[in-house]
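Colleague: dropping a prediction and its sequence here:
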Amino acid sequence: MFKRLVQGISRTRDSLLGGLKSVLTKNTPIDAATMEDLEAALLLADCGLDATERIIERVKSHSQKDAENVVEAVVSEMTAMLKPCEVPLELGNTSAKPFVILVVGVNGAGKTTTIAKMGRRFKEAGFSVMFAAGDTFRAAAVEQLTEWGNRLDVPVIAQKTGADPASVIFDACSAATARGIDVLIADTAGRLHTQENLMAELEKVKRVVRKFDPLAPHETMLIVDATMGQNALSQATLFHEKIELDSISLTKLDGTAKGGILFALATALPLPIRFIGVGEAYDDLRTFSAQEFGRALLADSTLEDSSAAQ
């Protein structure tokens, strides 16, 4: 499974390590020019300004004497930055039934596919699951979620296209309660964080669901497309301001060299990162682990390769 993670984030690793190895070899002097080059390499890997500055300060504060120690400091700081975001979703620790997960994000982020993968994961862990087709506007969205439900043997609560999303999700809460369902995962229509009317609709969904359970939704999860790079940070920040997110999950890490956005998110918006998607298969939705991600991202990070040509 770790090898699959290494493979899944290979583009990001190649981007980041390529940048680091272009700056650092075994004999590289650790001076101001090297620090500037290291900063540029981290920025090009989409780590973001705040995260990059934190890494650079860590390197400087430890007065590294050689390039190998610099790499160790970078690895250590990256892992430390991600560690506070490593908060797995522990459904067994809650008395809420159903535990309502509201899934939000922009069009094309992979919300519906992520819902299906989460549903299978939860079923395999022994929980009963239901889907709510709250995306009532996108063409074939209800059909898509229903098809996933059929494949996974998960019931889907849906209404006709154009129905009120809040009504659909409220009905799903009632149905889940009546059937003794453990986890209800609600889809929503994709929307840009700048679309005020659609963001207000999400606020309405949350208000209506609270009439069913004052603590629901128990998890409002933003699905972020990692290929968006720094735009993903803007999305997450504004979604959080508008509807108060509980967590973030990243998709499509296998299709981008911009996985450094994880560090930007962890620095600017330290919400739990529940899952990362590194491929199309069900098992490619992985519980986020800072230690594993750091190891996979910086696999083969020794400087022998970069100095071999010397």
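Modeller: Noted; the coordinates are in hand.

Colleague: show the end-to-end separation of stretch 37-55, please.
Modeller: 13 Å (C-alpha to C-alpha, to the nearest Å).

Colleague: what comes up buried for that stretch?
Modeller: For stretch 37-55, a neighbour-count test (16 or more other C-beta atoms under 10 Å) marks 37-39, 41-48, 51-52, 54-55 as buried. Where C-beta positions appear, they are placed from N, C-alpha and C, glycine not excepted.

Colleague: what does stretch 216-233 give?
Modeller: Buried residues in stretch 216-233, defined by neighbour count with 16+ other C-beta under 10 Å: 216-230, 232-233.

Colleague: now, those that are in strands?
Modeller: Among the buried residues of stretch 216-233, the members falling in strands are 219-225 (criterion: DSSP state E).

Colleague: and which of those residues is nearest G18?
Modeller: D225 (22.7 Å; C-beta to C-beta).

Colleague: let's have the ones in strands among the buried residues of stretch 216-233 in TSV, adding distance to L102 and pLDDT.
Modeller: Output for those, formatted as TSV (distance: C-beta to C-beta, whole Å; pLDDT from 0 to 100):
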residue	distance to L102	pLDDT
E219	7	97
T220	5	97
M221	7	98
L222	10	97
I223	11	97
V224	15	95
D225	18	94
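
Colleague: could you pull up the mean pLDDT of stretch 109-121?
Modeller: Confidence over stretch 109-121, taken as the mean pLDDT, stands at 95.

Colleague: repeat for stretch 125-132
Modeller: For stretch 125-132, mean pLDDT rounds to 97.

Colleague: tell me which residues are up against that stretch.
Modeller: With contacts defined as C-beta atoms under 8 Å, 6 or more residues apart in numbering, stretch 125-132 is touched by 91, 98, 115, 119, 122-123, 145, 148-149, 152, 154-158, 168-169, 171-173, 175-176, 179-187.

Colleague: mind listing what's buried along that stretch?
Modeller: 127-132.

Colleague: okay if I get the residues you listed as a markdown table plus secondary structure and distance to R13?
Modeller: Shown next, in a markdown table, are the buried residues of stretch 125-132 (DSSP: H, G, I helix; E, B strand; the rest coil; distance: C-beta to C-beta, whole Å):
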| residue | secondary structure | distance to R13 |
| --- | --- | --- |
| F127 | coil | 34 |
| S128 | coil | 38 |
| V129 | strand | 33 |
| M130 | strand | 38 |
| F131 | strand | 34 |
| A132 | strand | 37 |
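
Colleague: dump the residue contacts of L269.
Modeller: Contact analysis of L269 by C-beta under 8 Å, 6+ apart lists 233, 236-237, 240, 248.

Colleague: relative to M118, how far out is it?
Modeller: 21 Å (C-beta to C-beta, to the nearest Å).

Colleague: against A200, how distant is I243?
Modeller: For I243, the distance to A200 equals 10 Å [C-beta to C-beta].

Colleague: so which of the two has more stuff around it?
Modeller: I243 (20 against 12; other C-beta atoms under 10 Å).

Colleague: now do the nearest residue to that one once chain neighbours are set aside, the pLDDT please.
Modeller: Distances taken as C-beta to C-beta, 6 or more residues apart in numbering put L202 closest to I243, at 5.1 Å, once the chain neighbours are dropped. Per-residue pLDDT puts L202 at 92.

Colleague: for the nearest residue to K111 once chain neighbours are set aside, what are its contacts?
Modeller: Distances taken as C-beta to C-beta, 6+ apart put I223 closest to K111, at 4.7 Å, once the chain neighbours are dropped. Residues near I223 by C-beta under 8 Å, 6+ apart: 103-105, 109-111, 114, 248-251.
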